[in-house]
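Trainee: Predicted coordinates and the sequence they were generated for:
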Amino acid sequence: MTGTAEPTLTLRGVSIYEGLLPPEAQARMVAELREVVRRAPLFSPMTPYGKPMRVRMTSAGRYGWVSDRSGYRYETRHPSGVAWPPVPPTVLAVWAAVSVVARAPECCLVNFYGDGAKMGMHQDRDEANFDFPVVSISLGDEALFRVGNRTRGGKTESVWLRSGDVAVLGGAARLLYHGVDRVVPGSSTLLPDGGRINVTLRVVDG
Ligand SMILES: O=C(O)CCC(=O)C(=O)O
Ligand SMILES: [Fe+2]
């Protein structure tokens, strides 16, 4: 698969494709994600330290990302016991447009940011092979996305991610610390009840 889109911005090696998804494509993706959430409802994972995460999550694909007292990991089933639903076609099309790897993503993590939700600085490192990128799609309210370094701390830079933007953490940027400082309520009309959806795609197995 060869990527066909070109980034409009790079931040510390993170490629950002501003406005990659036009409004109609965003609406189609939201409809498909509603079906995912119907089959595999959003849940609030516990961190291994026993604090509930502010972001609610679910997944699609062969693997879903979960967290509880035993740690962060990928599982083949939702906490309810059902298999994760298939990755929606509109989401797979984004992977094809921006990713140059000949592998399909095995996890589509769906994060929902409601009132006051944010995500602390972290690395995405629960996957077996960091040669494959993490592709992240933003829908709904705008988010301030912060990018740091390969180790915790140090200087960081931030960028606003808006509905329809896609960010790719690949190559030298794959293991950069990143997080979401805040989401601006009411900055998008895509989701009738407000909030922000972030979808990330990953290859999980080596
Ligand atoms: O919500 C975002 O933009 C980032 C999400 C993220 O970093 C993750 O799910 O690992
Ligand atoms: Fe992440």
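Mentor: Sure, I can see it. Ligands and ions are numbered 1, 2, ... in the order given.

Trainee: Identify the residue nearest the residue of the chain found nearest ligand 1 in space, chain neighbours excluded?
Mentor: Closest contact between the chain and ligand 1, by CB to the nearest ligand atom, is at Asn198 (3.2 Å). Any C-beta I mention is one placed from the backbone N, CA and C, and that applies to glycine too. Leaving out its chain neighbours, the residue that sits closest to Asn198 by CB to CB, 6 or more residues apart in numbering is Asn111, at 4.4 Å.

Trainee: Also Glu75?
Mentor: Val66 (5.0 Å).

Trainee: contacting residues for Pro7?
Mentor: Pro7 is in contact with Ser15, Ile16, Tyr17, Val168, counting by CB atoms under 8 Å, 6 or more residues apart in numbering.

Trainee: Look up the pLDDT of the last one for me, please.
Mentor: According to the predicted model, the pLDDT of Val168 comes to 98.

Trainee: That one: what's it in contact with?
Mentor: Val168 sits next to Pro7, Val14, Ser15, Ile16, Tyr17, Val98, Ser99, Pro133, Val134, Val135, Ser136 when contact means CB under 8 Å, 6+ apart.

Trainee: Kindly report the same for the third one.
Mentor: Tyr17 makes contact with Ala5, Glu6, Pro7, Thr8, Val98, Asp165, Val166, Ala167, Val168 under the criterion CB under 8 Å, 6+ apart.

Trainee: Show me those that map onto helices.
Mentor: In helices, defined here by DSSP state H, the members of the contacts of Tyr17 are Val98.

Trainee: quick one: the strands in this structure?
Mentor: 9-11, 14-17, 56-60, 64-68, 71-75, 107-113, 119-122, 134-140, 143-147, 157-161, 166-169, 178-183, 196-202 (DSSP state E).
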